[in-house]
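Asks: I'd like to go over a predicted model; first the sequence, then the structure.
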Amino acid sequence: MADPLPAVYRIFLRDLVVRLSIGVHDHEHRRPQQVRINVELTVSHPGRGFRDEITAVVSYEGLVDGIRSVAADGHIKLIETLAERIGDLCLADPRVVRAEVGVEKLEVFPDAASVGVVIIKIR
């Protein structure tokens, strides 16, 4: 029997809200803001089924821990920079072939739910 074809699967993280120091204005340096983060990863898979072990997959727990670490790493001026750092974190796992990262600032304008950016990084 021939080996199964390689496959991909997707992992997603929806609406993680973290508080961090972000922004270019002076008042943003003095007060942390809430930021919503959404991530969708496309992960390569050998196509032979999943072993029921955490090491066999990309862990969403590790993803959340990594994002929290990036957010705690000091002031960031731009949401694009934050999204880029999260994308790089995702692509550090060689199984991840595509990372889509959305970052939204939730407290910028009183008459807007959020403002944000989505970046896509492809291996």
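Replies: All right, it came through fine.
Asks: can you spell out which helices and strands pack onto the helix or strand of the chain with the lowest mean pLDDT?
Replies: Least confident helix or strand of the chain, by mean pLDDT, DSSP states H and E, is helix 26-30 with a mean of 90. Counting contacts by 3 or more CB pairs under 8 Å, 6 or more residues apart in numbering; DSSP states H and E, helix 26-30 packs against no other helix or strand. In this view, the C-beta of every residue, glycine as well, is placed from N, C-alpha and C.
Asks: who touches that helix?
Replies: Residues outside helix 26-30 that contact it (CB atoms under 8 Å, 6 or more residues apart in numbering) are Ser21, Ile22, Gly23, His75.
Asks: kindly export that helix (C-alpha atoms) in PDB.
Replies: C-alpha atoms of helix 26-30 as PDB (Å, rounded to 0.1, in the frame of the first residue of the first chain):
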ATOM      1  CA  ASP A  26       2.700  59.600  25.100                       C
ATOM      2  CA  HIS A  27      -0.600  58.600  26.900                       C
ATOM      3  CA  GLU A  28      -0.300  55.100  25.400                       C
ATOM      4  CA  HIS A  29       3.100  54.700  27.100                       C
ATOM      5  CA  ARG A  30       1.600  55.400  30.500                       C
END
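Asks: which element follows it toward the C-terminus?
Replies: As assigned by DSSP states H and E, the chain's next helix or strand after helix 26-30 is strand 33-45.
Asks: could you check how far that following strand is from the centre of its chain?
Replies: 3 Å (CA atoms, centre = their mean, to the nearest Å).
Asks: for that strand, give the mean pLDDT please.
Replies: For strand 33-45, the mean per-residue pLDDT is 96.
Asks: helices or strands up against that strand?
Replies: For strand 33-45, the elements it packs on are strand 7-20, helix 60-71, helix 79-91, strand 96-105, judged by 3+ CB pairs under 8 Å, 6+ apart.
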